[in-house]
Every structure is written in C-alpha cells, then in structure tokens.
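Trainee: how would this look folded up:
(one chain, ligands or ions: 2)
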Amino acid sequence: MSEENKKANPAVNFQIKKKLAWDYLTDKDKEHLQALCQRYINFLNTAKTEREATQVILHQAEKLGFKNIEEDVQGDKFFSLNRDKNIALCQLGQEDIRQGIRLIVSHIDSPRLDLKPNPLYEDQDIGLLRTHYYGGIKKYHWVAIPLALHGVVILSDGKKVELKIGENPDDPVFTISDLLPHLGRKSMETKKIKDAIEGEKLTILFGQQPLPGDTEAKERVKNNLLCLLNEKYGLKEEDFISAEIELVPAWKAQEVGLDRSMIGGYGQDDRICAFTSMEAIFAQTKPRYTSVVLFVDKEEIGSEGNTGALSRFFELVISKLMQKAGIKPEEHLLREILFLSKALSADVNAALDPNYPEVFEKQNASFMGQGINICKYTGSGGKYAASDASAEYMGEIRKLFNENKVTWQARELGKVDEGGGGTVAKFLAAYGMDMIDCGPPILSMHAPFEIAGKADLYETYKAYKIFLEKC
Ligand code: MN
Ligand code: MN
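Mentor: Residues are numbered from 1 along each chain as shown. Ligands and ions are numbered 1, 2, ... in the order given. Just a heads-up that it's a prediction; the model follows:
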C-alpha cells in the first residue's frame, strides 16, 4: 500500500489484514520448517496410539536429559508418566514456581476402533473380530481401508504382550468389508449417511484358513486363528479380556500436494499439537517461568478416566515439581500456583473446507495457511460448555504473538448452531488459571487421513515455544 493510497483511504491503517504464513517465512525458516515436518511425519508414523505417543515422547525426553520425577535426582528437567498413556514434561524456570507455571496441554488419543472384550468369532468360514468404536468417527470412513492392529495384552500370568501388526511392509493388514454398490440400493443408499453402516457391522476380517485335520469339526477357521495367536504371541481367547487393542489406519503419513505444502496422516487431531508442544519444550533453554507440557489421553471420549484431563494426575505432577524446586507441596500452595498459571489448550481447529463452505461463517472461520488459530471459546449452541477466555488473556496472547512475529488467526469452529465441539480447556481452567484454545487448522478432522498445512505446523511450533519462554 503506497503512502498516496493510505491518504486516500485512511481506514487501511485500521483494517485486519489477511496474512498467509508462507509469505513471512525466510529461507532459514523454510529450512527449519522442512526439518520439523520430517520429524513430524516420523512422529505420526511411530505414535499412532496414546501408548505409542507416550513411549516416543518419553524416549526423546530421556535422550535430552529429562529425569524421572519419581527418582531422587536433582536437575531442572523432568518427566512424569501415568500408566503408559499420559505423560508430562516439565522444566523449572528462573522464577520461583510459586509465581505460577506455563502449561500447554494436548491430547494423544484419536478416534479409532477398539476390539471388544470377546472379539473373535467365525461366520461363513471367515474369522472376524468385533469392534467398538472410540470417539467421533464417521463409520463409512473405516470400511474397505487397510487397518493395523496395535495394543497390549495382559496374559493370565500377568505378562504383558505388545502387538503391532500391519506397519511393516511384510506385515499383513486387516480390513472391514463394505457392501458393493450393486446390492446396496435398499440397505444403504436410501439411509442417512450416519445409519448406512451400523456400529455392529464394523467387524474386522481376521482370517480365512481352516485348521487342518478334522474337516467335519466346527469353527475350524476360528480355531486355526486361535492356534496362530498362541503360537506367535502366546495368547489364549480369554486374554482378549485383559487387553487394549486398537485398529488404526495402516497407511503412513506423507506429504500432500504437488508443492508438498501439506501433510496427510492419521491422528493429527491432536498429535500435531502434541508434537509441536514437545518440540517447543525441547528447544527452549532456561524459561522464565516453570514450563509444563502435558499430554493427555481420553479427550475424544470426554476426558474421563485416570489418564484423561479430568484425572488428578496433573496436580500430582505439580506437587512433585514443587518438591524438586525445594518447596513443601502444601495443598493451599498448590492451589495458588495453579490459580496463578497461564495455559494453552493445544488442540486443532477445523479449517474452512472449500468443498463445504456452507457450514462455516467465513469471517470467523480458520483457514489453512493463515497460521495458528487462537480460539477464544469452543462449545456448541449458546457457547454451551465453553471455557471462554477473557479479553485480557486474549489480548496478552495476541500481543505476545505479534511481538514475536507468529502468524496467527483468531476464529471459531463453524457457523452458530451448526454443531460444535469442546476441548480440555474447561477442565484445567477450573483451577482458575488463564486458559485459551490455540492450535492449527486442519482439513478432514476425525477422518482416517487428516490434512495439515506445513506453514501452520511451523507457526504452531513457534507460538508454543514463545509462549513457554516469554509469556
Ligand atoms: Mn482434538
Ligand atoms: Mn477430536
């Protein structure tokens, strides 16, 4: 905008200007961005479940000198592990921990199919596994795609067996059969999309070969599969009862687009925020305030349970951190620290989809490529169940990002009354800390192949790092 034009229309000085993150990246930034995206793709491919994400985060933290908070060791960087499904990374700051902490919380569970406690059966000489879906899936997404089986089984003697089948090139994969269009006219095509595939029909094709020998015997395919399970993994049928086995897409995350500007992969809600917040705490030197980066499970089903955001694990982490800082973890002090803290609820937002612009209100929709999204509130209807961030905190975050050249947008999820959704923000805001939702926009959220923009990923990383270091 030339000076002349500014004079002719002084309002240009007061307008919101649309910014595309790519336009503000230097060559050096773009180098960092590509390296970060490569690490992210690896992360997505090795951390497809909450347990695997926890393992990857733990291993990387240990390599960088983070110590187990349970151990009697000195230092300033710690991790705290909760049942292999929920982990916190912490770094003591220069200020007294009683001044409050800087918290980023993301979730590491994603929508998927879980095996039922008694999954195995045989029908029409085919061995099948019954599933119970987890989180908000569109059931039609999960049929006729290659699936991998991940999880743990506790055997009758207490031994733990880890399973991961379908990820190596020479592994078999699993799948759910779909009805051919020729025969689906009545039973599928006339139904609403949400009813076209029933939950009970999400059964996994598990095998088809009969047990050799008695050709008159019943359930020969099931019996053959039981023998294989026992031979390969030491499993018996009852062991499925004490197991957590998840079916996830077997495909790999990869670059998308001729210009390679996007990343496609499973579970980016919310592992894109888990990854970028992990990288942010790893990249900082000595922060002013104590940093905590928390990775929770069970967000997709309401944050319940002993590994979700509603569990008291987080309080325990802070009290142990107080001890590491040489402070007696008294209840009232813990409450005060939490009350004085500032937090980001790191979760993704829906990017405006050019195929479905009608569900978005364009002036307040987040766009791929415009950087990290700051979301003042989530919820549905009349902001129901939202943790509505204050104008003051919104102002603080906006100023922080502007001063540190983060490309950001501040939008909401979709049109009013179109639907809605929530995050963990409200659960942690209950401690009285400042809390705001903040994460990248993605396309195809909750689909088995979600899409993120590389530039948005980079701005998210920058934003989280600056928040931990400078807020
Ligand atoms: Mn999420
Ligand atoms: Mn989600």
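
Trainee: okay, CA-based contacts and neighbour counts for the rest of this
Mentor: Noted.

Trainee: In contact with the nearest residue to Gln409 once chain neighbours are set aside, which residues are there?
Mentor: What sits nearest to Gln409 in space, not counting adjacent residues and going by CA to CA, 6 or more residues apart in numbering, is Asn373, at 4.8 Å. Applying CA atoms under 8 Å, 6 or more residues apart in numbering to Asn373 gives the contacts 349, 366, 408-411, 438-441.

Trainee: same thing but 6 Å
Mentor: By CA atoms under 6 Å, 6 or more residues apart in numbering, the contact set of Asn373 is 408-410, 438-440.

Trainee: name the element it belongs to?
Mentor: In the assignment (DSSP states H and E), Asn373 maps to strand 372-375.

Trainee: Also Glu304?
Mentor: Using DSSP H and E, Glu304 is not contained in any helix or strand.

Trainee: Leaving out chain neighbours, which residue sits closest to whichever residue of the stretch 301-450 of the chain sits closest to ligand 1?
Mentor: Nearest residue of the stretch 301-450 of the chain to ligand 1: Asp347, at 4.9 Å (CA to the ion). The shortest distance from Asp347 to any non-neighbouring residue, by CA to CA, 6+ apart, is to Gly439 (5.0 Å).

Trainee: One more: Glu330?
Mentor: The spatial neighbour of Glu330 that comes closest, neighbours along the chain excluded (CA to CA, 6+ apart), is Ser319 at 7.9 Å.

Trainee: Can you give me the neighbour number for the one you found?
Mentor: Residues near Ser319, counting by other CA atoms under 10 Å, number 21.

Trainee: That one belongs to a strand, doesn't it?
Mentor: No - with DSSP: H, G, I helix; E, B strand; the rest coil as the criterion, Ser319 is located in helix rather than a strand.

Trainee: one step back: wait, isn't the residue nearest to Asp347 in contact with Ser345?
Mentor: No - using CA atoms under 6 Å, Gly439 makes no contact with Ser345, being 8.0 Å away.

Trainee: roughly how far apart are the residue nearest to Glu330 and Ile337?
Mentor: From Ser319 across to Ile337, the span is 10 Å (CA to CA, to the nearest Å).

Trainee: same question, Leu103
Mentor: From Leu103 across to Ile337, the span is 12 Å (CA to CA).

Trainee: Tell me which residues of stretch 116-127 come out buried.
Mentor: 116-117, 119-122, 125-127 (16 or more other CA atoms under 10 Å).

Trainee: Quick check: the residue of the stretch 101-250 of the chain nearest ligand 1.
Mentor: At 6.6 Å from ligand 1, His107 is the closest residue in the stretch 101-250 of the chain, using CA to the ion.

Trainee: how about the buried residues of stretch 116-127, which pair is most distant?
Mentor: Greatest spatial distance in the buried residues of stretch 116-127: Pro117 and Asp125, 21.8 Å, computed using CA to CA.

Trainee: and the residue of the stretch 301-450 of the chain closest to ligand 1, helix, strand or coil?
Mentor: Secondary structure for Asp347, judged by three-state DSSP, is coil.

Trainee: can you check the one 3 residues further on too?
Mentor: The three-state label for Ala350, taken from three-state DSSP, comes out as strand.

Trainee: what are the bridge partners for it, then?
Mentor: Ile442 (DSSP bridges).

Trainee: and the strand holding Asn373 with ligand 1, contact?
Mentor: No - with CA under 5 Å from the ion as the criterion, ligand 1 is not reached by strand 372-375; the gap is at least 12.8 Å.

Trainee: So which elements touch the very next helix or strand once past that strand?
Mentor: Per DSSP H and E, the first helix or strand lying C-terminal to strand 372-375 is strand 379-380. Packing partners of strand 379-380 (3 or more CA pairs under 6 Å, 6 or more residues apart in numbering; DSSP states H and E): strand 420-421.

Trainee: After the strand it packs on, heading C-terminal, what element do we hit next?
Mentor: Remark: after strand 420-421, the chain's next helix or strand is helix 425-429, criterion DSSP H and E.
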